[in-house]
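In: for reference, the sequence and a predicted model appear below.
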Amino acid sequence: MSIKEAREVLAIEEQGLAAVRESIGEEFNQAVETILSCPSRVVITGIGKSGIIGQKISATLNSTGTPSFFLHPVEAVHGDLGMVAASDVVIAISYSGETAELNGLLVSLKKRGTRIIAMTGGKESSLARASDVMLNIHIPREACPLGLAPTASTTATLAMGDALAVVLLRRKQFQPEDFRENHPGGSLGERLKVNVSEVMLKGEAIPSVTQGTPLLKAVEVLNRENLGAVLIVDEGRKVTGIITDGDVRRAIAEGKAPGSVKVEELMTECPVTIPDSMQAVDALSIMQQYEITILPIVGADEKLIGILHLHDLLGKGEFRFLV
């Protein structure tokens, strides 16, 4: 019985989406052009379930290249209205179009000349009349058998918001690299598509010493930067070797005094290096191939410009982006 009821709910939701799809007309183009011509931000507002859906629409717009924020109608009339500029575009959401708190806010917005796009199922509602553009989200019926809980209507509203975001994305020629810039904490697969130059450590954060440096000094750098290795470079900043903390432990175990040993005596010569143009996913593959956790990054002239640690790629499920 439960399976049948669940399928009925989904069927009603599908009917609602189909109805909204068929109702889309020229007003959708008007809404898109209104947002594209906006020099500032898109403000989403709504209350209750419409407000929750509005927050999701705002988040989707932000991640796909359209700056946006959510404004609660009640908080707005108690001071947060100051967040809205006359140049902003407001998307007001109310299925009935007669939400008192929302319509009260629209009066103030209209006075300052803010353009308003309504998402409503009430074509003759107060919200529809107050808006510059109205997007019809009317559905045949709610999936709730009581006809009270917003179900199919909220699904339709969310889908209309997705339609706006995707069309805007295409019109703005928003690219995958733009999406990744907005999602530095996204899935590992997406994060590994960046170039190593975007995630490498550079400048003073690179643990390096020049040839001829006493091992004791290299150990100090090793401890200070805490990456498990120190790079050895010549006077031209080209990488000639690498010393790991394991190398240091073995040297001490063999009775070598760090103060009397030069780095050349202990370093592994000609370590694997990669160019700064390489993608992070390829760097990870090289680490796996050679069973190493550190990769020096070199420029076109083979000079050291950065260092990449396995933790910068995998870490605790996050990518460290440097600016």
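Out: In hand now; what should we look at? Numbers count the residues shown, from 1 in each chain.
In: surely Pro207 and Val230 touch.
Out: Yes. Counting by Cβ atoms under 8 Å, Pro207 touches Val230, with 4.5 Å between them. Any C-beta I mention is one placed from the backbone N, CA and C, and that applies to glycine too.
In: quick check: end-to-end length of stretch 78-98?
Out: 20 Å (Cα to Cα, to the nearest Å).
In: I misspoke; the intended subject was stretch 266-281.
Out: Chord length of stretch 266-281, first to last residue, is 31 Å (Cα to Cα).
In: average pLDDT across it?
Out: The pLDDT scores in stretch 266-281 average 90.
In: only the buried residues of that stretch, if you could.
Out: 266-267, 271, 273-274, 276, 278, 280 (16 or more other Cβ atoms under 10 Å).
In: do stretch 160-175 as well
Out: Applying 16+ other Cβ under 10 Å to stretch 160-175 flags 160-161, 163-165, 167-169, 174 as buried.
In: using a markdown table, lay out these together with pLDDT and distance to Leu71.
Out: Below are the buried residues of stretch 160-175 laid out as a markdown table (pLDDT from 0 to 100; distance: Cβ to Cβ, whole Å):
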| residue | pLDDT | distance to Leu71 |
| --- | --- | --- |
| Met160 | 97 | 19 |
| Gly161 | 96 | 15 |
| Ala163 | 96 | 22 |
| Leu164 | 97 | 17 |
| Ala165 | 95 | 18 |
| Val167 | 95 | 23 |
| Leu168 | 94 | 19 |
| Leu169 | 91 | 23 |
| Phe174 | 79 | 24 |
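In: next, the contact list for Ala217, please.
Out: For residue 217 the amino acid is Lys, not Ala. The contact partners of Lys217, taken as Cβ atoms under 8 Å, 6 or more residues apart in numbering, are Val209.
In: so it, which state does it fall into?
Out: helix (DSSP: H, G, I helix; E, B strand; the rest coil).
In: now do Val219, the pLDDT please.
Out: pLDDT for Val219: 89.
In: that one and Ser208, how far apart?
Out: Relative to Ser208, Val219 is positioned 13 Å away (Cβ to Cβ, to the nearest Å).
In: show me the domain layout of the chain.
Out: Listed domain ranges for the chain are 2-174, 190-313 (source: automatic domain parsing).
In: which of these comes out lowest on mean pLDDT?
Out: Confidence, taken as mean pLDDT, is least for domain 190-313 of the domains of the chain (a mean of 88).
In: now that domain, how far from the centre of its chain.
Out: Taking Cα atoms, centre = their mean, to the nearest Å, one finds domain 190-313 lying 30 Å from the centre of the chain it belongs to.
In: go on, stretch 138-146?
Out: So, by Cα atoms, centre = their mean, the centroid of stretch 138-146 is 34 Å from its chain's centroid.
In: distance of Ser23 relative to Ile137?
Out: 8 Å.
In: more neighbours: which of these two?
Out: Higher neighbour count among Ser23 and Ile137: Ile137, with 28 against 18, using other Cβ atoms under 10 Å.
In: wouldn't the more buried one be in contact with Val20 here?
Out: Yes. Using Cβ under 8 Å, Ile137 is in contact with Val20, at 5.6 Å.
In: overlap of the contact sets of the two?
Out: 156, 160.
In: ok, residues contacting the lengthiest helix in the chain?
Out: Looking across the chain with DSSP state H, the single longest helix is helix 2-23. By Cβ under 8 Å, 6+ apart, the residues outside helix 2-23 that reach it are 136-143, 151-153, 155-156, 159-160.
In: buried stuff in that helix?
Out: In helix 2-23, counting by 16+ other Cβ under 10 Å, buried: 12-13, 15-17, 19-20, 23.
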